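S.K.: 3D model of this:
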Amino acid sequence: MKLAKLLSADQIILNMKAVEHWPAIIELVDHLVLTGQLPPDHKEEMVEAFRLREEQVSTGIGLGIAIPHAFSDRLEQVIAVFGKSKAGIDFEALDNAPVHFIILFIVPRKGYHMHLQTLAAIAKMFTNVKVRSQLGLAETCEEILEILDPKPLRVGA
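M.R.: Reported below is the predicted structural model:
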């Protein structure tokens with residue numbers, strides 16, 4: 001599944017306030033609640049799911065990217081939020097570098113294969129230095145969405 005299909009402009013935080021790992025996850029979960037993506041009565045359950053996941057190993061994968069992810073028994077579809085930090089967030093990443101882009105997503109527990117596909121697609125996209133560079137320069141939610149889902153060039157139109 002393409003990341004751009006999971007996001008809309010209101011699911012993007014252009015300048016995250018958090019500067020540390022756990023507050024960043026809370027900020028992103030709060031944003032999902034604020035935008036109506038995550039029902040408020042699911043918040044505590046999801047925060048706990050993310051806490052348990054992050055205790056295993058940080059989802060800061062390196063190259064300035066973190067992909068926190070968790071499962072829910074109560075959701076029917078994948079939900080996601082994208083956060084950008086110009087200053088960088090100490091996310092205890094594998095390469096110890098600050099994280100500038102966080103893609104947090106929640107997958108229905110019955111959608112385990114969707115989880116693997118989504119995680120692989122996100123990781124593949126963000127290994128591209130051009131994508132990371134463009135996202136770093138993007139100043140609007142619309143620019144970010146365009147970078148995540150570029151339209152093919154029409155030749156001879």
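S.K.: relative to residue 40, how far out is the residue most central in space within the chain?
M.R.: Among the residues of the chain, the one closest to the centroid is residue 103, at 0.9 Å (Cα atoms, centre = their mean). Distance of residue 103 to residue 40, computed by Cβ to Cβ, to the nearest Å: 22 Å. From N, CA and C alone the C-beta is placed, and that goes for glycine too.
S.K.: any idea how far residue 71 is from residue 60?
M.R.: 20 Å.
S.K.: between the two, who's got more neighbours?
M.R.: residue 60 (26 against 16; other Cβ atoms under 10 Å).
S.K.: could I get the phi/psi values of the more buried one?
M.R.: phi -80, psi 100 (degrees, to the nearest 10).
S.K.: sorry, back to before: from residue 76, how far off is the residue nearest to the centre of the chain?
M.R.: In terms of Cβ to Cβ, residue 103 sits 20 Å off from residue 76.
S.K.: what do you get for residue 64?
M.R.: In terms of Cβ to Cβ, residue 64 sits 32 Å off from residue 76.
S.K.: low-confidence stretches in the chain?
M.R.: Counting by pLDDT under 70, the ranges of the chain that qualify are 1-2, 151-157.
S.K.: okay, the closest residue to residue 85 other than its chain neighbours and residue 117: tell me how far apart.
M.R.: Distance criterion Cβ to Cβ, 6 or more residues apart in numbering; nearest residue to residue 85, sequence neighbours excluded, is residue 16 at 4.5 Å. Residue 16 sits at a distance of 26 Å from residue 117 (criterion: Cβ to Cβ).
S.K.: for residue 71, give the beta-bridge partners.
M.R.: residue 107 (DSSP bridges).
S.K.: mind checking the SS state of residue 125?
M.R.: helix (DSSP: H, G, I helix; E, B strand; the rest coil).
S.K.: tell me, how many residues neighbour the closest residue to it other than its chain neighbours?
M.R.: Nearest residue to residue 125, sequence neighbours excluded (Cβ to Cβ, 6+ apart): residue 131, at 5.8 Å. Number of residues near residue 131 (other Cβ under 10 Å) recorded here: 16.
S.K.: also the one 5 residues further on?
M.R.: Other residues near residue 136 number 12, with proximity taken as other Cβ under 10 Å.
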